[in-house]
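>>> After the sequence you'll find the predicted model.
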Amino acid sequence: MKHYYVTTPIYYVNDAPHVGHAYTTLACDVLARFMRLDGARVHFLTGTDEHGQKVEKAAAAAGMTPQAFTDKVSQNFRALAKALNISNDDFIRTTEARHIKSSQAIWRAIAANKSPKGRDNIYLGKYAGWYAVRDEAFYGENELVTGPDGKKRAPSGAEVEWVEEPSYFFRLSDWQDWLIAYYETENPGFIGPVSRRNEAISFVRQGLTDLSISRTTFKWGVPVPDAPDHIMYVWLDALTNYITAVGYPDTKTDLFSIFWPADLHMVGKDIVRFHAVYWPAFLKAAGIAPPQRVFAHGWWTVEGQKMSKSLGNVVEPNALIARYGLDPVRYFLLREVPFGQDGDFSHAAMVRRLNTDLANDLGNLAQRVLSFVAKNAGGAVSQPGALTAADEKLLGAARNLLPAVRAELAEQLFHKALDALWQVVGDANRYIDEQAPWTLRKTDPARMSTVLYALTETLRRLGLLLQPFMPDAMAKLLDQLAIPADARDFAAFERALVAGTALPAPQGIFPRYVEEGEATAGKGGQKGR
């Protein structure tokens, strides 16, 4: 059996869930669902990052202890996963005992080993430099910009402050040559897309400095082993969640031996450095294999503007779902923008995708075909006759979808996978218009049966492959094709429809979106013939 371990970043509890969090989690959910349907044993992890100075300050401002604060806010991310119909296998919190044990274990493992230059991986020193509380990250002077207000800011826009304190350091500089060799020789596909790979390689080639990995000026974090005055740098703690969830430090467990190294860490582009530079170096220093791949997607703007609390344009996922429906939102987020690039969310674009792609193209195709079968073919799968070149072309295109979609998703190219699926949706709509079964009903009923069979079989294959993207809607479509529960994975992809199988009465899958006050004529969005 194949195995597949996919992770979201763990979300910082100081933030309220927004469409960016939904985007990352949804992408991982599609991959997890696809791989399960494709016969793999999957472990899908998400969770919350609950330590650090920012959380400590937010809890104090709320008049709560940090633990009570994180207990409350973490639930928002569990609720988001439920609202999005996410199929995660585990939800990790960095305040859990299992994670504290794991974080201290990786610290000890790093400290017990030597760097590639034969020096201690961890040493005690003094940190003096610029720190962004919002990012929980250190920045070099050359990375900062000074704003009109005279304040220095990180590349993310976060304000930085000068910090001086005793600190343990990780000898990151000694791992520079190993990282370059790993990117370029050992695992050239480690970072995607190419733009982020180039960014990471450029950062490392500029020269790495040793990394401060402990703090003493606040207390909300994992205590450093044998140094209780220090707490672990929040990113070393946070990144370790990925191995905590598969049983580390017990590397003999089934979870760790089966699923590590992870197949994919999905992240936003703002945290590439932590996942693609620091994390593989930490792991290698601890004697643990790095993950197979890190993919960094882009950011969403809203109606052409940066999403921000100050502008009041933060897109809240539950509001989107209430307005447009869950599966249309899932579809839109992964179809609208080439995955890996930045994208813009707009109401007009959402309605266009819902009404054009879903209601008109796929929804209307299913409604036309299944309504015609119900009215003119006895409500059952038709008996095909000899296939023409047109039939073979449509059926062949549908048959070829599985390897095509599999290849695109292996590279996290969700938009290309959906493009391929919609190409066949378009082929089927053109085919039905060209073959005109409503005319064949009177002139050539046997030919009509073959056409209807080709269309229903194409719908079956489309429904199977679209399940990871729109599970609820495709369950309804497969129900209407009388596909049994044990024939909905990809092992059944070649298990064609059986002529004579009774089909239930068809029902529309994607209602057309109609603005309030718009004429309600045709509101159902799908027409039969």
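Done, it's in. All of these numbers come straight from a predicted model, not from anything done at the bench. Residues are numbered from 1 along each chain as shown.
>>> can we go C-alpha only for contacts and neighbour counts from here?
Fine.
>>> you'd agree residue 59 is up against residue 73?
No. The pair residue 59 / residue 73 is not scored as a contact, 10.3 Å apart, by C-alpha atoms under 8 Å.
>>> what's the offset of the helix or strand bottoming out on mean pLDDT in the chain from the middle of its chain?
Every helix and strand of the chain was ranked by mean pLDDT, DSSP states H and E. The lowest is strand 305-306, at a mean of 76. Between the mean C-alpha location of strand 305-306 and the chain-wide mean there is a distance of 22 Å, by C-alpha atoms, centre = their mean, to the nearest Å.
>>> Give me the sheet partners of that strand and which way each runs.
Strands flanking strand 305-306 in the sheet, each with its direction: strand 300-302 (antiparallel) (DSSP bridges).
>>> pLDDT at the residue of the chain most remote from its centre, what is it?
Going by C-alpha atoms, centre = their mean, the residue of the chain most distant from its centre is residue 443, 50.3 Å out. For residue 443, the model assigns a pLDDT of 98.
>>> Contacts only, for it.
With contacts taken as C-alpha atoms under 8 Å, 6 or more residues apart in numbering, residue 443 has no neighbouring residues.
>>> Residue 273 too?
If you count contacts by C-alpha under 8 Å, 6+ apart, residue 273 has them with residue 200.
>>> Show the subsequent helix or strand relative to the strand or helix carrying it.
Counting by DSSP states H and E, the element that carries residue 273 is helix 272-273. Read in the C-terminal direction, the helix or strand following helix 272-273 is helix 279-286, with elements assigned using DSSP H and E.
>>> That following helix packs against which elements?
Helix 279-286 is packed against helix 97-112, helix 234-239, with contacts defined by 3 or more C-alpha pairs under 8 Å, 6 or more residues apart in numbering; DSSP states H and E.
>>> where's the shortest one relative to the chain centroid, distance-wise?
Taking C-alpha atoms, centre = their mean, the mean C-alpha location of helix 234-239 is offset from the chain mean by 20 Å.
>>> Do a quick rundown of the helices in the stretch 201-350 of the chain.
Taking DSSP state H, counting those that start in this stretch as the criterion, the stretch 201-350 of the chain carries its helices at 234-239, 241-244, 254-259, 272-273, 279-286, 317-324, 326-335, 347-352.
>>> Same list, these, but as CSV with distance to residue 497 please.
As requested, the helices of the stretch 201-350 of the chain are exported to CSV (distance: least, C-alpha to C-alpha, whole Å):
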stretch, distance to residue 497
helix 234-239, 47
helix 241-244, 42
helix 254-259, 36
helix 272-273, 46
helix 279-286, 48
helix 317-324, 32
helix 326-335, 26
helix 347-352, 33
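>>> Any idea which of these gets closest to residue 503?
Closest to residue 503 of the helices of the stretch 201-350 of the chain, according to C-alpha to C-alpha: helix 326-335, at 23.7 Å.
>>> Check which helices and strands the closest one sits against.
helix 19-37, helix 317-324, helix 414-435, helix 471-480.
>>> Please identify the buried residues of it?
Of the residues in helix 326-335, those with enough neighbours to count as buried (16 or more other C-alpha atoms under 10 Å) are 326-335.
>>> which residue sits closest to residue 471, ignoring its sequence neighbours?
Leaving out its chain neighbours, the residue that sits closest to residue 471 by C-alpha to C-alpha, 6 or more residues apart in numbering is residue 327, at 7.4 Å.
>>> how much space between the one you found and residue 21?
In this structure, residue 327 lies at 17 Å from residue 21, with C-alpha to C-alpha, to the nearest Å as the measure.
>>> go on, residue 408?
Computed as C-alpha to C-alpha, the residue 408 to residue 21 distance reads 22 Å.
>>> Between these two, which has more neighbouring residues?
Using other C-alpha atoms under 10 Å, the more surrounded residue of residue 408 and residue 21 is residue 21, with 22 against 16.
>>> returning to what we had before: now the residue nearest to residue 471: how far from residue 358?
10 Å.
>>> With residue 368 instead?
When distance is defined by C-alpha to C-alpha, residue 368 is 14 Å away from residue 358.
>>> picking that back up, residue 300 is nearest to which of the helices and strands packed on helix 326-335?
helix 19-37 (6.7 Å).
>>> contact partners of that closest one?
Applying C-alpha under 8 Å, 6+ apart, the contact partners of helix 19-37 are 4, 6-8, 11, 41-44, 46, 80-81, 84, 86-88, 266-268, 297, 299-300, 314-317, 330, 333-334, 409, 414, 465, 467-469, 488-491.
>>> How are the strands of the stretch 151-300 of the chain distributed by residue range?
Per DSSP state E, counting those that start in this stretch, the stretch 151-300 of the chain carries strands over the ranges 152-153, 161-170, 191-192, 211-212, 214-215, 223-224, 227-232, 264-268, 294-297, 300-302.
>>> and those strands, which one is worst for confidence?
Ranked by mean pLDDT, the strands of the stretch 151-300 of the chain bottom out at strand 300-302, which scores a mean of 85.
>>> For residue 349, see how far away the spatially most central residue of the chain is.
In the chain, the residue lying closest to the centroid (C-alpha atoms, centre = their mean) is residue 27, at 2.3 Å. Between residue 27 and residue 349 the computed distance is 19 Å (C-alpha to C-alpha).
>>> Where does the prediction get shaky in the stretch 301-450 of the chain?
Across the stretch 301-450 of the chain, the ranges flagged by pLDDT under 70 are 307-311.
>>> how does it look with 80?
Scanning the stretch 301-450 of the chain with the threshold set as pLDDT under 80 gives 304-314.
>>> The stretch 151-300 of the chain now?
When residues are selected by pLDDT under 80, none of them lie in the stretch 151-300 of the chain.
>>> could you redo the last one with a cut-off of 90?
Applying pLDDT under 90 to the stretch 151-300 of the chain flags the ranges 155-158, 163-165, 217, 234, 253-254, 299-300.
>>> For residue 482, which residues are in contact?
With the criterion set at C-alpha under 8 Å, 6+ apart, residue 482 makes contact with 501-504.
>>> Helix, strand or coil: sort out it for me.
coil (DSSP: H, G, I helix; E, B strand; the rest coil).
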